[in-house]
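**Q** How does the following fold in three dimensions:
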Amino acid sequence: MKQRLPSQGLFLDSDLLDIFNSIFMEDSIPCRKFDVTSMAESVYRHFYSTMLRITDTADKCMVLQEFSGQAQLVALYLQGANAQREVKLNMALYTSQPFSRSTSKQPVTLGIVGRNFYLSCVMVGGQPELRLEKVDKLLSPIKRELLRFLFFKVGSNPSSSFESAACPGWYISTSQKNNELVTVTTMQEQTAIQNFKLVHMQ
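**A** Below you'll find the model as predicted:
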């Protein structure tokens, strides 16, 4: 039997690899970088205000305490004559521009009725902190430099929570213990109460 000699025109694997490499060249694809600061920033404008009574879901009230020019809110149980110590809050509602299609979060600010203190959330040493700041005029419009005063109200009945716009994921909170500071915590904080009952007074 004659042994067939390999044809000179036979394609080998190495030949096919060379052809594919010549067709499909590995080119670097330029990636466009987008600067997030160039995107339109939200602007919040006031459109309505309401006065309300607020308690946490354990029925603790908010009380204003002032020491050496520093103001803070504490949550505690009030009975009898002590009930007059409870503060009422002015909740101002805002619309956002550009308009957000999300209807589950209502932008609001929270001020103490009869005083010029407003709740704010700021970063202190890398940790969000709830504060009371003096404000002498209406907070509108609210842009980046005033975002610390803005909270997103989530829910309505039977309770609502307030998420900081400046520190997303952090909510106004009270302790399960009596006579403790009103602070901000995450929803993962099991020892805190982040839900509040609101009673509109006008």
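
**Q** my read: Thr95 touches Tyr44, true?
**A** Yes: here Thr95 reaches Tyr44: they are 7.0 Å apart, a contact under Cβ atoms under 8 Å. For glycine as for every other residue, the C-beta is placed from the backbone atoms N, C-alpha and C.

**Q** Which residue of the two possesses the greater neighbour count?
**A** More crowded of Thr95 and Tyr44, by other Cβ atoms under 10 Å: Tyr44, with 24 against 14.

**Q** Using the three-state scheme, assign that one.
**A** strand (DSSP: H, G, I helix; E, B strand; the rest coil).

**Q** Find residues that contact each of Thr95 and Tyr44.
**A** Residues touching both Thr95 and Tyr44 by Cβ atoms under 8 Å, 6 or more residues apart in numbering: Pro107.

**Q** got a list of what Glu86 touches?
**A** By Cβ under 8 Å, 6+ apart, the contact set of Glu86 is Arg53, Cys61, Met62, Val63, Leu78.

**Q** Make CSV out of those and add neighbour count and distance to Leu147.
**A** Formatted as CSV, the contacts of Glu86 follow (neighbours: other Cβ atoms under 10 Å; distance: Cβ to Cβ, whole Å):
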residue, neighbour count, distance to Leu147
Arg53, 16, 27
Cys61, 19, 28
Met62, 25, 23
Val63, 17, 27
Leu78, 16, 32
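
**Q** so of those, which ones are in strands?
**A** Among these, the members falling in strands (DSSP state E) are Arg53, Cys61, Met62, Val63.

**Q** Going by distance to Arg85, which of the residues you listed wins?
**A** Val63 (5.0 Å; Cβ to Cβ).
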